[in-house]
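Asks: give the three-dimensional model of this entry:
(2 chains)
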Amino acid sequence: MTEAELILQKALVGSNLDSSQWNQIQAGFRNRAFFSSRVAQVNILAAMRDKVREYSEGEADISKIRMKIREDLQTLKYDPKGATGIHDLFSQARLDVIIKTNVAQARGYMQFAEGMSPGAFAAFPAQEFTRIRHSRKPRQDWPQRWAKAGGKTYGGKMIALKDDPVWERLSVFGNPFPPFDWGSGMGVLDVDRKTTIRLGLISDEELRGKTAALREKPLPDFNRDMQASVPNLRHDSLCGKILKQAFGDQIAIENNVVHWQGNLIRDVLAGSINKARLGMTTPEALKKMAGKLPQADIDAFKAMNPSFNKTTFQQHAAKHYGSNEKRLKTNIPLEDADYDLMPAVWHNPDTIYPGDDHGAIFEMQTFDGSYLQLAVNAIKGFSSYYKTKIPLGAAPGNSSFIP
Amino acid sequence: MHLTITIPPAQLRDVMPSEQELAQAAGRAVSNIVKRRLVDRDRRGRSDGLPRSGYYGDAASGVTTEMSGKTALITIHKEGVALHYYGGVVYPTDGHKALAIPKSIKGAGKRPAEADPDRTKFALVWPKGKTTGTLRDKETDEVVYLLVPKATIPEDKTILPTEDEMVDAGKSAMEAIL
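Replies: As a prediction, this is how the structure comes out:
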């Protein structure tokens, strides 16, 4: 897996949580989310994730990436509402944090995973915590933080085994890999086997044992088989609500254990599962139906938890628009980010339009200026999900194609 | 005297690294010396007086090793590293007539279009017949960018270890785990 693929696999999590609230969520789940403090608009996050991916692949320099994100923010009508500096998404400071932290975390994870392969670990079992990149205002308290996290120094160097818990304790993100703090230039350099044994961090025999264990049980796949025990976790607890709100059906909570279920939409697309659900109609969506849809249909939507399958996704408009030439020309094929936005279109659309025969269309604008539309029937459930150049509001009466 | 020691394959696997593990060790070793070289380079600083950008430090953070069977592919995820290593001539793209080289902190790490999106802060000064121009701060007359039709980047093989150094590093790592 490349770092760009790692970034694209992250779930888009729109939420009004601030950074301190995000810090309450366990690192393993946070790492699987693409989020930004107090950004609830998922289509903004989709735009950012796309541009961060571009940067990680070296498609453009950071200045160009910042400019592209600002264009997307304008398209999506982002309003900083008087916020300045780091609180304003247009600001260089905020954009740099979003771009650099996400890329650094993907790279940090990649390097960590490579270093924990049996061969690499046997040859380089430890690492030194040191400055990798120049910082204009370097933090001066790293030695104290290292000691507080339980780290030891060897000849003035901060060194520990790669699997030592000191790394997770050192990181404000709770990760055993860099970055260890926001905008930090500190990182790790491998320490070879001979030096590690000479310093007394591990014996040759213990190292052989650990290497054999890594052969038997390699590092788990980033996006699979993750579970975390959270004490006193209930669906209705604050932590449970935050997790459920953030990750939806990508997590399941059972007996105080949170299970990561992966990306259900990608699994449906890949054919590894036949169908999945996105959860009940949200109060936000119900509010947007009021006055537009018959009350009987709204009541039906209220009780609905519809499922979708592969055929819900409409790559080609022909099946959906029939002979409506005008609408056919507006079709745009769905891309990765569009699939990831489907839960957001269902849970919190920009607008809901009435359709024919108990139908409704949930619509959300995307950062490329086009519109995602989810056609849902109050009786039958999800009908189709597709992308178009023109919003329904711009073409009154055009909803007649709804099946 | 002839001594034969037979070790069941399953137990041998516990004490002897596989070929793939040797490749992992060698790949990591090469990746490490590449990373260390870039870190050393980052610590040197710049000669043009502009604030340090941490370019080579970012490059060091972007060194990854991808294993495919017994082959390790080491990549430096940072734009421009190959250009510095091999050298070359850079021309403007996207319809621009000149490259903009930052000469002030106001332009460091930013394209002119980002530093002055409304085109109100900088004045273009390009004397007739000259091959270079400048973008100057309208208030202070400070040169923010030097504008050139092309830029020649000299080859610099010292940003990476030599092939011999990489081979030695790989060999040492494999010997260490055998």
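Asks: who in the stretch 151-300 of chain A is up against chain B?
Replies: A:178, A:185, A:187, A:189-190, A:192-194, A:208, A:211-212, A:215 (CB under 8 Å from any CB of the partner chain). (Each C-beta comes from the backbone N, C-alpha and C, glycine too.)
Asks: tabulate those residues (TSV), appending pLDDT.
Replies: Shown next, in TSV, are these (pLDDT from 0 to 100):
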residue	pLDDT
A:178	95
A:185	93
A:187	96
A:189	97
A:190	98
A:192	98
A:193	97
A:194	97
A:208	93
A:211	94
A:212	91
A:215	89
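Asks: does the lengthiest helix in chain A reach chain B?
Replies: Looking across chain A with DSSP state H, the single longest helix is helix A:92-115. Yes. Helix A:92-115 lies within reach of chain B by CB under 8 Å from any CB, at A:104, A:107-108, A:110-111, A:114-115.
Asks: following that helix, which helix or strand shows up next?
Replies: Using DSSP states H and E, the next helix or strand after helix A:92-115 towards the C-terminus is helix A:118-123.
Asks: that next one: how far from the chain's middle?
Replies: Put simply, helix A:118-123 sits 31 Å off its chain's centre (CA atoms, centre = their mean, to the nearest Å).
Asks: same check on stretch A:92-101?
Replies: For stretch A:92-101, the distance to the chain centre is 16 Å (CA atoms, centre = their mean).
Asks: what's the closest of the residues of the stretch 151-300 of chain A next to chain B to residue A:355?
Replies: The closest of these to residue A:355 turns out to be residue A:178 (CB to CB; 50.2 Å).
Asks: distance of the closest one from residue A:48?
Replies: Per CB to CB, to the nearest Å, residue A:178 is found 21 Å from residue A:48.
Asks: from the residues of the stretch 151-300 of chain A next to chain B, which would you call buried?
Replies: Applying 16 or more other CB atoms under 10 Å in any protein chain shown to these, the neighbour count classes A:178, A:185, A:187, A:189-190, A:192-193, A:211, A:215 as buried.
Asks: ok, back up a step: could you dump the residues of the stretch 151-300 of chain A next to chain B to JSON lines with distance to residue A:276?
Replies: Formatted as JSON lines, those follow (distance: CB to CB, whole Å):
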{"residue": "A:178", "distance to residue A:276": "35"}
{"residue": "A:185", "distance to residue A:276": "42"}
{"residue": "A:187", "distance to residue A:276": "39"}
{"residue": "A:189", "distance to residue A:276": "44"}
{"residue": "A:190", "distance to residue A:276": "42"}
{"residue": "A:192", "distance to residue A:276": "47"}
{"residue": "A:193", "distance to residue A:276": "46"}
{"residue": "A:194", "distance to residue A:276": "51"}
{"residue": "A:208", "distance to residue A:276": "45"}
{"residue": "A:211", "distance to residue A:276": "40"}
{"residue": "A:212", "distance to residue A:276": "39"}
{"residue": "A:215", "distance to residue A:276": "35"}
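Asks: let's see which of those residues end up in strands.
Replies: If you go by DSSP state E, those have A:187, A:189-190 in strands.
Asks: now flag whichever of the residues you listed is closest to chain B.
Replies: residue A:190 (4.8 Å; CB to the nearest CB).
Asks: residue 84: neighbouring residues, count only.
Replies: All of this is about chain A. Applying other CB atoms under 10 Å in any protein chain shown, we find 10 residues neighbouring residue A:84.
Asks: wrong chain, I was asking about chain B
Replies: Neighbours of residue B:84 (other CB under 10 Å): 21.
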